[in-house]
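Build me a model:
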Amino acid sequence: MSSPRKKTFVLVHGAWHNGRAWDRVVPLLTGAGHRVFAPSLTGHGEKQHLLGPEVGLDTHVADVVGLLVGEDLADVVLVGHSYAGMVISAVADRVPDRLAGLVYLDAMVPADGESVLDVMPLTRHLLDLAAGSDAPWRVPPLPEGPAPVGLFGVTDPADAAWLRTILSDESARCFEQPVRLDNPAAAAVHRTHIHCVGSTPEGVARRPVPATQPNGTPSQVWELQSGHDCMITVPDRLAELLLKAG
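Got it, this is the predicted structure:
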């Protein structure tokens with residue numbers, strides 16, 4: 001009997017986070033025999049010192065493309081959380097031949113030419129608040145709210161305290177820069193959507209997923225009972241879904 005196919009996962013964190021957001025998921029995937037990369041995008045984690053007004057969506061797309069090409073990765077399951085839905089969409093446009101599939105994890109799903117402000121208009125309020133500061137290009141993380149919203153959906157005090165240690169400001173350009181999606185070959189890449197349900201903040205609307213994927217097959221949409229940062233709150237259940245999606 002043949003052994004299960006070993007997969008390569010690249011996990012891309014959302015705005016304000018860094019690669020450590022996946023710390024509870026990575027060992028579950030590697031423990032199942034798979035290869036996993038969880039990079040920090042420019043301006044975050046070990047690259048936090050590189051944050052500047054010039055850092056934008058294109059910067060983060062280049063980060064991920066550079067990882068795929070530099071490590072010569074192929075047949076990759078590329079997972080994008082939240083803002084990173086913008087990033088993985090553009091990566092698929094650039095290097096579709098390196099991908100086995102995309103996973104939009106409670107993520108933005110843009111059309112060609114759209115920015116975060118188009119996909120999630122609520123973000124405009126955050127940029128307006130930052131505009132009145134001494135560094136108007138720096139957008140601080142979302143504030144913590146009462147349960148069940150919490151801090152990015154994390155309500156456990158210990159988990160929220162840990163999450164605060166990895167959060168940092170985002171560049172406004174990441175939210176303003178439009179995505180370029182003009183490569184027909186990207187349509188062939190399989191897509192999976194995982195929606196976190198149960199604690200969506202007021203005013204945040206999720207776009208409906210079309211019934212058919214760009215490749216012509218029925219859309220694959222799964223729900224996960226969790227706050228937004230499900231990789232922190234329910235890593236076991238998320239890992240199970242990622243293994244199915246791959």
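
Now do the contacts for the most centrally placed residue in the chain.
Centroid-nearest residue in the chain: H81, 2.2 Å away (criterion: Cα atoms, centre = their mean). H81 makes contact with L11, V12, H13, G14, H17, A21, L105, D106, A107, D229, M231 under the criterion Cβ atoms under 8 Å, 6 or more residues apart in numbering. Glycine gets a C-beta too; all of them are placed from N, C-alpha and C.

And it, how close does it get to C174?
14 Å (Cβ to Cβ, to the nearest Å).

quick one on the thing from earlier: mind checking which of the contacts of H81 land in helices?
M231 (DSSP state H).

Looking at the contacts of H81, which one is closest to V204?
For V204, the nearest member of the contacts of H81 is D106. The distance, counting by Cβ to Cβ, is 10.2 Å.

For the closest one, grab the count of nearby residues.
By other Cβ atoms under 10 Å, 25 other residues sit near D106.

List the residues that contact it.
H81, S82, I194, H195, C196, L224, H228, C230.

Need the phi and psi values for it.
Dihedral angles of D106 (phi, psi; degrees, to the nearest 10) stand at phi 40, psi 50.

gap between stretch 215-226 and the chain center?
In terms of Cα atoms, centre = their mean, to the nearest Å, the centre of stretch 215-226 is set 16 Å apart from its chain centre.

Buried residues, it. List them.
Q220, L224, S226 (16 or more other Cβ atoms under 10 Å).

Run through this structure and note the low-pLDDT ranges.
Regions of the chain meeting the criterion pLDDT under 70 cover residues 1-4, 200-203, 246.

What segments of it are helices?
Using DSSP H, helices in the chain cover 26-31, 57-70, 84-94, 116-119, 123-131, 157-164, 172-176, 230-233, 235-245.

Tell me what angle the longest one forms with helix 84-94.
In other words, helix 57-70. 60 degrees (axes from the mean of the first three to the mean of the last three Cα atoms, to 10 degrees).

can you list contacts of helix 57-70?
Outside helix 57-70, the residues that reach it (Cβ under 8 Å, 6+ apart) are 10, 12, 37, 39, 41-43, 73, 76, 78, 84, 86-88, 90-91, 94-95, 98, 115-116, 173-174, 177-179.

which parts of that helix are buried?
L57, D58, T59, H60, V61, A62, D63, V64, V65, L67, L68.

Could you do the last one as well?
Buried residues in helix 235-245, counting neighbours by 16+ other Cβ under 10 Å, are found at P235, L238, A239, L241, L242, L243, A245.

got TSV for those, with distance to P148 too?
Converted to TSV, the buried residues of helix 235-245 look like this (distance: Cβ to Cβ, whole Å):
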residue	distance to P148
P235	18
L238	18
A239	22
L241	21
L242	23
L243	27
A245	25
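
Check those against A186 and report the nearest one.
Nearest member of the buried residues of helix 235-245 to A186, counting by Cβ to Cβ, is A245, at 17.5 Å.

The closest one - nearest residue in space that isn't next to it in sequence?
T192 (4.1 Å; Cβ to Cβ, 6 or more residues apart in numbering).

Could you do G43 as well?
L51 (3.4 Å).

tally of neighbours for the one you found?
19.

one step back: for the contacts of H81, which one is nearest L126?
G14 (13.6 Å).

thinking again about what came up before, top of the contacts of D106 by neighbour count?
Counting by other Cβ under 10 Å, top hit in the contacts of D106: H81 with 30 neighbours.
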